[in-house]
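# Build me a model from this:
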Amino acid sequence: MKAKLGMSPIAWWNDDLPDLSDDVSLEECLRQSRSAGFTGMEKGRRFPESAAEMLPVLKKADVTLCGGWYSGTVVNESLEVNQKRIQPMIDLFKAVDAPCIVYGEVGRSIQGDQSKPLVTKPKLTGDEMKSYGRRMTEFAEWVEAQGMPLVYHHHMAAVVETEAELDSFMHHSGISLLFDAGHMAFAGGDVLRCIDNHHARIKHVHTKDVRMDVINKLDRTKESFLDAVKKGAFTVPGDGSLDFEAIVKKLAGYGYEGWFVVEAEQDPKKAPPLKMAQIGHKELMRVMTAAGYTVVA
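Predicted coordinates for the structure are as follows:
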């Protein structure tokens with residue numbers, strides 16, 4: 001089985017919390033991640049918006065674009081609004097041969113609002129989840145008809161956060177899944193059971209680790225998702241609480257092949273991105289070998 005290793009630039013510059021950002025260029029971000037061994041990078045805010053500008057930068061760094069986040073609002077806005085907004089991203093990602101677009105639901109979400117405690121996250125009724133799943137399926141099918149796969153990112157403080165919410169959403173939708181062990185662990189879910197339940201539709205993987213000692217001390221009635229990020233809830237594999245050998249072996253057992261992307265937002269002053277990239281890559285190479293993967297360079 002084959003796997004590819006990528007990173008998210010959120011370790012260098014945080015799109016939700018600009019103060020958690022290194023003053024480094026895109027080129028330096030790519031250079032550091034590549035020097036640590038990663039061959040892919042997901043899109044961030046400092047990337048060019050045209051293939052003509054992006055491709056030379058990627059080629060010089062010897063990396064490929066391995067995905068990128070789209071802030072979707074299907075839960076509370078029309079499909080037409082989202083189709084119009086995502087179309088330039090579809091065109092760009094096709095031009096640079098990216099494997100997928102990552103759909104993150106920000107409609108009704110409190111993930112980007114530091115004033116909103118975790119306990120106030122939006123919740124959908126059963127009928128609302130059924131309708132949302134149906135609309136997301138329609139949206140995903142439309143995007144994929146344009147020639148670009150779409151994967152759904154379950155996320156803290158959003159409408160699909162908990163294991164039960166993910167189970168319900170997957171039951172009522174036909175969209176492919178981005179599985180993020182860190183977000184599911186933060187939400188209190190059983191990471192390995194989620195893989196058992198949804199492995200057939202997992203098409204992209206974020207290898208986000210968590211510090212459970214930080215998470216367990218949070219006051220969710222007062223502290224927000226961004227507060228948790230600032231306190232260090234997330235980190236790279238090999239520096240946190242999750243057993244990535246068990247996680248990767250579970251995915252391997254179901255025949256998953258594709259990208260494993262390190263996405264770990266932290267304060268770069270406390271967790272230097274290059275050092276974190278090196279720790280994450282070393283741990284992933286260890287567990288990939290243990291699981292029987294060949295990492296494609």
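# Going by C-alpha atoms from here, please, whenever you check contacts or count neighbours.
Fine.
# I'd like the distance between the residue in the chain sticking out farthest from the centre and residue 148.
When distances are taken from the C-alpha mean of the chain, residue 127 lies farthest, 26.9 Å away, according to CA atoms, centre = their mean. The span separating residue 127 from residue 148 equals 29 Å under the rule CA to CA, to the nearest Å.
# Repeat that for residue 224.
Residue 224 is 33 Å from residue 148, by CA to CA.
# Those two - which one has more neighbours?
When neighbours are counted by other CA atoms under 10 Å, residue 224 comes out ahead of the other of residue 224 and residue 148, with 26 against 21.
# That one touches residue 117, doesn't it?
Yes. Between residue 224 and residue 117 a contact is recorded at 4.2 Å, counting by CA atoms under 8 Å.
# As a check, name the ranges of all strands in the stretch 151-297 of the chain.
Using DSSP state E, counting those that start in this stretch, the strands of the stretch 151-297 of the chain run over 176-180, 202-206, 209-210, 234-235, 258-262, 294-295.
# quick one: strands adjacent to the fifth one?
For strand 258-262, the paired strands and their directions (DSSP bridges) read strand 2-7 (parallel), strand 202-206 (parallel).
# Nearest to residue 269, out of these?
Minimum separation from residue 269 across the strands paired with strand 258-262 (CA to CA) falls at strand 2-7, 18.4 Å.
# after the closest one, next one along is what?
Using DSSP states H and E, the helix or strand that follows strand 2-7 towards the C-terminus is helix 26-36.
# and that following helix, what does it pack onto?
Applying 3 or more CA pairs under 8 Å, 6 or more residues apart in numbering; DSSP states H and E, one finds that helix 26-36 contacts helix 51-61, helix 273-291.
# Let's see the helix or strand following it as CSV, backbone CA atoms only.
Following helix 26-36 in sequence order, the next helix or strand is strand 40-43 (DSSP H and E). Extracted in CSV, the C-alpha atoms of strand 40-43 (Å, rounded to 0.1, in the frame of the first residue of the first chain):
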residue,chain,number,x,y,z
GLY,A,40,2.6,18.0,-0.1
MET,A,41,1.2,21.2,1.4
GLU,A,42,-2.4,22.2,1.7
LYS,A,43,-3.4,25.7,0.6
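# Relative to residue 62, how far out is residue 33?
According to CA to CA, residue 33 stands 10 Å off from residue 62.
# which residues are common contacts for the two?
By CA atoms under 8 Å, 6 or more residues apart in numbering, residue 33 and residue 62 have these common neighbours: residue 39.
# Looking at these two now, which is surrounded by more residues?
Applying other CA under 10 Å to residue 33 and residue 62 shows that residue 33 carries more neighbours, namely 28 against 14.
# my guess is the more buried one meets residue 277, correct?
Yes. Taking contacts as CA under 8 Å, residue 33 lies within contact range of residue 277: 6.3 Å.
# Give me the most central residue, the protein.
residue 206 (5.0 Å).
# what's near enough to touch that one?
Residues in contact with residue 206 (CA under 8 Å, 6+ apart) are 178, 179, 180, 181, 260, 261, 262, 263.
# ok, and the most crowded of those residues?
Ranking the contacts of residue 206 using other CA under 10 Å puts residue 262 first, with 30 neighbours.
# Good, we can wrap up now.
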